[in-house]
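Undergrad: sequence and predicted model, in that order:
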Amino acid sequence: MSIRPRTPAPATPAPGKLALPELAEMKRRGDKIVMVTAYDASSGRLADAAGIDLILVGDTAAMVVLGHESSTVPVTMDEMLFMTRAVTRGARRPLVVGDMPFGSYQVSDEDAVRNAIRFVKESGADVVKLEGAGPSLSRVRAIVGAGIGVMGHLGLTPQSATVLGGFKAQGRTAEQARRLLDDALALEGAGCFALVLEAVPAPVAERVTAELEIPTIGIGAGAGCDGQVLVWHDLLGLYDGRTPRFVKQYADLKAEIARALEAYAADVRSGAFPEERHTYAMPEEELAEFESEHVHGHRD
């Protein structure tokens, strides 16, 4: 049996915050892990109140927040730090995962460690996530060696979608599935505390989950994973673009928000808003004095 490096817990966990060993224990018990993306303080608070276990401040922000049409690549390190800082102000119990954007870890182990430290030190993230295996294995070892937990990500890795042939399922041949399993075991061996499996055939994801001691978090990878993650804007019906087939939409907030904005605009234009109950009064004697001074001022 290989000896795996111990994944470090966050140095200063907040009171009541979920800890990394609890995730491993949830896998052993068979308790499903719930992860969702979030990008600001209010969504962090709502996810916390709903009992979400993990919050990923995902580089999907490039599309769902910043308006880039079909890629996560344009989002910058500074933008990711800004959004992660906001989420950590709103979330207390969930473990906050900073998603390392394209270019923040690909160049060298030193760059990877430097930027992972920025996520923890400047934005308050508990841990970080990066994509792929291969060269990423040394990045994982270096970051873990610096005392920061790392979540891996295999299958459809959006930062390298162009190389993979677009946003489509991965591991659909026996050879690809074997490679994915090997990569998953290698990431576990490098020190990852959990692994996202995206757009992977359910039987492959189930096999990977059974082989690993660390939890798997599925997104389009079937019910056999140890947990699931969805993008905030997808599950709430806020995203204007095309959503993947694996998304289950739990609300249609886009339509509700549009209705509210249209009603507000109509009330303003008709004079129905604001009503008297939406305004502030002042003592009559103060009003009389103000109006008197106003009148005298004009006469002068």
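TA: Arrived safely.
Undergrad: how about the strands in the stretch 1-150 of the chain?
TA: Taking DSSP state E, counting those that start in this stretch, the strands of the stretch 1-150 of the chain run over residues 33-37, 54-57, 95-99, 127-129, 149-155.
Undergrad: for the protein, give me the ranges with low pLDDT.
TA: 1-15, 160-168, 294-300 (pLDDT under 70).
Undergrad: for the stretch 101-250 of the chain, what spans make up the helices?
TA: 109-123, 136-145, 161-164, 174-190, 202-211, 232-235 (DSSP state H, counting those that start in this stretch).
Undergrad: got the angle between the fourth one and strand 149-155?
TA: Taking axes from the mean of the first three to the mean of the last three CA atoms, to 10 degrees, one finds helix 174-190 and strand 149-155 inclined to each other by 180 degrees.
Undergrad: other SSEs contacting helix 174-190?
TA: Here helix 174-190 touches helix 136-145, strand 149-155, strand 194-198, helix 202-211, going by 3 or more CB pairs under 8 Å, 6 or more residues apart in numbering; DSSP states H and E. The way it works is simple: take the backbone N, C-alpha and C, and place the C-beta from them, glycine included.
Undergrad: name the residues that touch it?
TA: Residues outside helix 174-190 that contact it (CB atoms under 8 Å, 6 or more residues apart in numbering): 2, 4-5, 132-134, 136-138, 140-141, 144, 152, 154-155, 170-171, 195, 197, 200-201, 204, 207-208, 211-214, 216.
Undergrad: my guess is I257 is in a helix, correct?
TA: Yes: I257 forms part of a helix when assessed by DSSP: H, G, I helix; E, B strand; the rest coil.
Undergrad: show me what contacts it?
TA: Contacts for I257 (CB under 8 Å, 6+ apart) come out as L238.
Undergrad: R29 versus that one, what's the distance?
TA: Distance, I257 to R29, using CB to CB, to the nearest Å: 39 Å.
Undergrad: before we move on, back to that, nearest to P244, out of the helices of the stretch 101-250 of the chain?
TA: helix 232-235 (7.8 Å; CB to CB).
Undergrad: what's the distance between G51 and I117?
TA: Applying CB to CB to G51 and I117 gives a distance of 30 Å.
Undergrad: of the two, who's got more company?
TA: Per other CB atoms under 10 Å, whichever of G51 and I117 has more neighbours is I117, with 15 against 9.
Undergrad: surely the more buried one and A142 touch.
TA: No: using CB atoms under 8 Å, I117 makes no contact with A142, being 11.0 Å away.
Undergrad: circling back to that earlier point, would you turn the helices of the stretch 101-250 of the chain into a markdown table with distance to Y264?
TA: Shown next, in a markdown table, are these (distance: least, CB to CB, whole Å):
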| stretch | distance to Y264 |
| --- | --- |
| helix 109-123 | 34 |
| helix 136-145 | 47 |
| helix 161-164 | 39 |
| helix 174-190 | 49 |
| helix 202-211 | 44 |
| helix 232-235 | 22 |
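Undergrad: and of the helices and strands packed on helix 174-190, who's closest to D267?
TA: The minimum distance between D267 and the helices and strands packed on helix 174-190 falls on strand 194-198, with 43.7 Å, by CB to CB.
Undergrad: list the buried ones in the closest one?
TA: Applying a neighbour-count criterion of 16 or more other CB atoms under 10 Å, one finds 194-198 buried in strand 194-198.
Undergrad: likewise stretch 17-34?
TA: Quick answer for stretch 17-34 (16+ other CB under 10 Å): 17-18, 20, 23-24, 26-27, 33-34.
Undergrad: what do you get for stretch 128-135?
TA: Buried-residue list, stretch 128-135, by 16+ other CB under 10 Å: 128-133.
Undergrad: could you do stretch 89-97 as well?
TA: By 16+ other CB under 10 Å, the buried positions in stretch 89-97 come out as 90-91, 93-97.
Undergrad: please apply the same query to stretch 43-58.
TA: Buried residues in stretch 43-58, counted by 16+ other CB under 10 Å: 43-48, 52-58.
Undergrad: what's around the spatially closest residue to D59 that is not a sequence neighbour, how many residues?
TA: Sequence neighbours aside, T72 is the residue nearest to D59 in space, at 4.2 Å (criterion: CB to CB, 6 or more residues apart in numbering). If you count neighbours by other CB under 10 Å, T72 ends up with 22.
Undergrad: which residues does T72 contact?
TA: 58-60, 62-63, 101-102, 158-159.
Undergrad: who wins for most neighbours among these?
TA: Most surrounded of the contacts of T72: other CB under 10 Å gives G58, at 29 neighbours.
Undergrad: quick check: that residue touching M35?
TA: No: the criterion here is CB under 8 Å, and G58 misses it with M35 at 9.9 Å.
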